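Chemist: coords please:
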Amino acid sequence: MNQSVPSQNRRNRRRNADIEHWDVENPQFWETTAKPVATRNLWISIPNLLCGFAVWMMWGIITVQMLNLGFPFEPAELFTLTAIAGLSGATLRIPASFMIRIAGGRNTVFLTTALLLIPALGSGLALQNAETPLWVFQLLALLSGIGGGNFAASMSNISTFYPKNQQGLALGMNAGLGNFGVTTMQILIPAVMTIGLFTWLGAGESMTLLRDSGTLIGRIEAGSETYIQNAGFIWVVILIPLVIAAWFGMNNLRTITPEIKSTPTAFAQILGLYSIGIITAGLGLYLYLPAPTGLGILNPWIAVVLITLATLGLMRIMPGRIGENSKRQFTIFKNKHTWSMTILYILTFGSFIGFSMALPLSITVIFGSATVEVNGVIERVANPNAPSALTWAWIGPFVGALIRPLGGWISDKWGGSIVTQGIAIVMVFASAAVGYVMMLAYQSATPEQYFLSFIVLFIVIFAATGIGNGSTFRTIGVVFNQEQKGPVLGWTSAVAGFGAFIAPMVIGDQIRGGTPEYAMYGFAVFYALCLILNWWFYLRKSAEIKNP
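Modeler: Take a look at the predicted model:
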């Protein structure tokens, strides 16, 4: 008799975690039953997603400090770390967008957050030694993409908990506060690197800065000691309680995932889906990256297309429920609005995440050196008055994340597409202007005089992307039904996530060519095309779906 009590308790806990009836479009059910459950899942989801963004994006800050510490890598090699993490995270969003309907929300958030412990711990260990080979950091950057993939699953999950008339605010809260992982990382990592937090665990000695560094509160002079390994270890400490909260506090909705056989089976399906993304991203990077890391035979744009097609193809032919569910959910690709909203989400989230990844190293390279004439020869020399990326880079992502829920709320009131149209106009002009400022700074002997204009314009761009993130989510909630909405949210976020690969690559290439302004001019042209697309599909008088 006593032995049956624990077994009964386990069954009760499983029943509590799995919700059988869910009808959020019924106002009475929403107010009396669903709202507190949805709220609890949202507030557990947000910090888990925040840490996903932090681990995914941390290479943008880590590479700056690796450069300051004199790790034996060229700036171009360090740009590859941010690009690898960006491409991996975007690729993993493709399978992650299908996880909720296959494995359940609670199961997915728990396991995908727990997987972040691997790159967090691994990065802390690898950063203890400046002689660690580049390929180790590249592998860890690839695994950090798990944090980027988690966004698609998280957004798909939260969308199922809320009625249509609250989609903008709920998804804006989850995405916006989750996006604070970028800002949190950009503030927390420089701070913890100044303190020997984990030395009592034998977690490595300090290293000496060869170049000035910085934190939120100011400059750290060359010759100071720093603990770069804390950039990885700090997330291990934060992730453990969040994983526990996800397991005991979140729910699987049986109306969304009716065929969950067991938790171990769900975990195996999640791991199978992520394995597909890791394999395709890894192979694509091997074909794209130059020797000695890879073969260097693919154009990066072609690499993105081939990786995406390979990931979708492998998912489709997978045996069992993964393949079956993938085929059913692939119907979203027959809807033209899937493709229009994908492009518009690149405009908003793709820009946010791409610039978040590229901005720290861009500040370091553009403003950290000055262009001077030495004996009749133009050279780039160290700028003693350079602003620290670790002090300034967090502001733009902070504003973009902070304003994102407001974008969702405004879009609930005014309509998603009219808000998207407004922010697209702002982004066209701001991108062109920041490109011009970058040109002036890169050609100047005193580039710091242009830094205020540079950072203010980027803050405007980040604010526009934040508002636009909320508006595009609102439009997706209006355009698609309950069955397609989650996969579309996941798919659009996956493709837009490639911005974290494209932006560092494009900006890095143009900086190396001495023309950083060309990257921003190109982005401005793309934003203008998005403005026309949004008007054509959702704002013109004869539009099939009017969503002002």
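
Chemist: what sits against the residue positioned nearest the centre of the chain?
Modeler: Centroid-nearest residue in the chain: Gly148, 4.6 Å away (criterion: C-alpha atoms, centre = their mean). Shown in contact with Gly148 (C-beta atoms under 8 Å, 6 or more residues apart in numbering): 52-53, 56, 85-86, 88-90, 92-93, 353, 497, 500. C-beta: built from backbone N, CA, C; applies to glycine.

Chemist: Just name the closest of those residues to Val434, please.
Modeler: Taking C-beta to C-beta as the measure, Ile353 is the one of the contacts of Gly148 closest to Val434, at 17.2 Å.

Chemist: ok, back up a step: what are the buried residues along the helix or strand hosting the residue nearest to the centre of the chain?
Modeler: Using DSSP states H and E, Gly148 sits within helix 134-159. Residues of helix 134-159 classed as buried under the neighbour-count rule (16 or more other C-beta atoms under 10 Å) are 134, 137-159.

Chemist: rewinding a little: now render the contacts of Gly148 as TSV, adding secondary structure and distance to Asn129.
Modeler: As requested, the contacts of Gly148 are arranged in TSV below (DSSP: H, G, I helix; E, B strand; the rest coil; distance: C-beta to C-beta, whole Å):
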residue	secondary structure	distance to Asn129
Gly52	helix	27
Phe53	helix	27
Trp56	helix	23
Ala85	helix	20
Gly86	helix	25
Ser88	helix	23
Gly89	helix	26
Ala90	helix	30
Leu92	helix	28
Arg93	helix	32
Ile353	helix	30
Gly497	helix	31
Ala500	helix	27
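
Chemist: Now a PyMOL select for only the buried ones of those residues.
Modeler: Buried subset of the contacts of Gly148, written as a PyMOL selection, criterion 16+ other C-beta under 10 Å:
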select buried, resi 52+53+56+85+86+88+89+90+92+93+353+497+500
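
Chemist: wait, what's in contact with Val182?
Modeler: Counting by C-beta under 8 Å, 6+ apart, Val182 touches 53-54, 57, 353, 356, 394, 397, 401.

Chemist: Ile100: which of these is nearest?
Modeler: Phe53 (18.6 Å).

Chemist: tell me what the helix or strand harbouring Arg101 is packed against?
Modeler: When elements are assigned from DSSP H and E, Arg101 belongs to helix 99-103. Other helices and strands packing on helix 99-103, by 3 or more C-beta pairs under 8 Å, 6 or more residues apart in numbering; DSSP states H and E, are helix 105-115, helix 134-159, helix 263-288, helix 320-329, helix 482-497.

Chemist: hmm, try it at 7 Å
Modeler: Packed against helix 99-103 by the contact rule (3 or more C-beta pairs under 7 Å, 6 or more residues apart in numbering; DSSP states H and E) you find helix 134-159, helix 263-288, helix 320-329.

Chemist: nearest to Ala103, of these?
Modeler: helix 263-288 (3.9 Å).

Chemist: What are the buried residues along the next helix or strand after the closest one?
Modeler: Elements were assigned by DSSP H and E; along the chain past helix 263-288, the next helix or strand is helix 300-317. Neighbour-count burial for helix 300-317, with 16+ other C-beta under 10 Å as criterion, is recorded at 300, 303-304, 306-308, 310-312, 314-315.

Chemist: What is helix 300-317 packed up against?
Modeler: Judged by 3+ C-beta pairs under 7 Å, 6+ apart, the packing partners of helix 300-317 are helix 75-96, helix 263-288, helix 320-329.

Chemist: Can you tell me which of those is most buried?
Modeler: For those, the stretch with the most neighbours on average is helix 75-96, a mean of 28; neighbours defined as mean count of other C-beta atoms under 10 Å.

Chemist: Packing partners of that one?
Modeler: Other elements packing on helix 75-96 under the criterion 3+ C-beta pairs under 7 Å, 6+ apart are helix 59-69, helix 134-159, helix 263-288, helix 300-317, helix 351-367, helix 482-497, helix 499-512.

Chemist: pLDDT of the last one, averaged?
Modeler: This predicted structure assigns helix 499-512 an average pLDDT of 80.

Chemist: Give me the angle between that helix and helix 75-96.
Modeler: The directions of helix 499-512 and helix 75-96 differ by 160 degrees, with axes from the mean of the first three to the mean of the last three C-alpha atoms, to 10 degrees as the criterion.

Chemist: Could you shift the numbering so residue one becomes 320, and keep it that way?
Modeler: Got it, first residue is 320 now, which makes that one helix 818-831.

Chemist: which is the next helix or strand following helix 818-831?
Modeler: As the chain continues past helix 818-831, the following element, by DSSP H and E, is helix 836-853.

Chemist: Kindly report the same for the second one.
Modeler: Beyond helix 453-478 on the C-terminal side, the first helix or strand identified by DSSP H and E is helix 486-511.

Chemist: quick one, what contacts Leu709?
Modeler: When contacts are counted by C-beta atoms under 7 Å, 6 or more residues apart in numbering, Leu709 is found next to 380, 383, 509, 532-534.

Chemist: show me what contacts Leu590?
Modeler: Applying C-beta under 7 Å, 6+ apart, one finds that Leu590 lies in contact with no residue.

Chemist: rewinding a little: could the contacts of Leu709 be laid out in JSON lines, adding distance to Arg425, pLDDT and neighbour count?
Modeler: Formatted as JSON lines, the entries for the contacts of Leu709 read as follows, by distance: C-beta to C-beta, whole Å; pLDDT from 0 to 100; neighbours: other C-beta atoms under 10 Å:
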{"residue": "Ile380", "distance to Arg425": "31", "pLDDT": "87", "neighbour count": "27"}
{"residue": "Val383", "distance to Arg425": "37", "pLDDT": "86", "neighbour count": "28"}
{"residue": "Pro509", "distance to Arg425": "34", "pLDDT": "88", "neighbour count": "27"}
{"residue": "Ser532", "distance to Arg425": "41", "pLDDT": "74", "neighbour count": "25"}
{"residue": "Gly533", "distance to Arg425": "40", "pLDDT": "69", "neighbour count": "20"}
{"residue": "Thr534", "distance to Arg425": "37", "pLDDT": "71", "neighbour count": "18"}
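
Chemist: Nearest to Ala565 among those residues?
Modeler: Distance from Ala565 was checked for each of the contacts of Leu709 by C-beta to C-beta. The minimum falls on Ile380, at 25.6 Å.

Chemist: And that closest one, how close does it get to Val455?
Modeler: 18 Å (C-beta to C-beta, to the nearest Å).

Chemist: quick one: low-confidence ranges for the stretch 420-569 of the chain?
Modeler: Applying pLDDT under 70 to the stretch 420-569 of the chain picks out residues 487, 519-523, 529, 531, 533, 535-537.

Chemist: still on that earlier bit, need the helices and strands packed on helix 418-422 in CSV (columns: distance to Leu680).
Modeler: As requested, these are exported to CSV (distance: least, C-beta to C-beta, whole Å):
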stretch, distance to Leu680
helix 453-478, 13
helix 582-607, 18
helix 639-648, 36
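
Chemist: Out of the ones you listed, which is closest to Ser681?
Modeler: Once C-beta to C-beta is applied to the helices and strands packed on helix 418-422, the stretch that comes out nearest is helix 453-478, at 17.8 Å.

Chemist: Now find how far off-centre that closest one is within its chain.
Modeler: The chain centroid and the centroid of helix 453-478 are separated by 8 Å under C-alpha atoms, centre = their mean, to the nearest Å.

Chemist: For the stretch 670-819 of the chain, which segments count as helices?
Modeler: For the stretch 670-819 of the chain, applying DSSP state H, counting those that start in this stretch gives helices covering 670-686, 708-711, 714-733, 735-761, 770-798, 801-816, 818-831.

Chemist: most tightly surrounded among those?
Modeler: Using mean count of other C-beta under 10 Å, the stretch among those with the largest mean neighbour count is helix 670-686, at a mean of 27.

Chemist: Need the helices and strands packed on helix 394-415 in CSV (columns: distance to Leu709).
Modeler: Conversion of the helices and strands packed on helix 394-415 to CSV gives the following (distance: least, C-beta to C-beta, whole Å):
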stretch, distance to Leu709
helix 378-388, 6
helix 453-478, 19
helix 582-607, 27
helix 619-636, 27
helix 670-686, 7
helix 801-816, 24
helix 818-831, 17
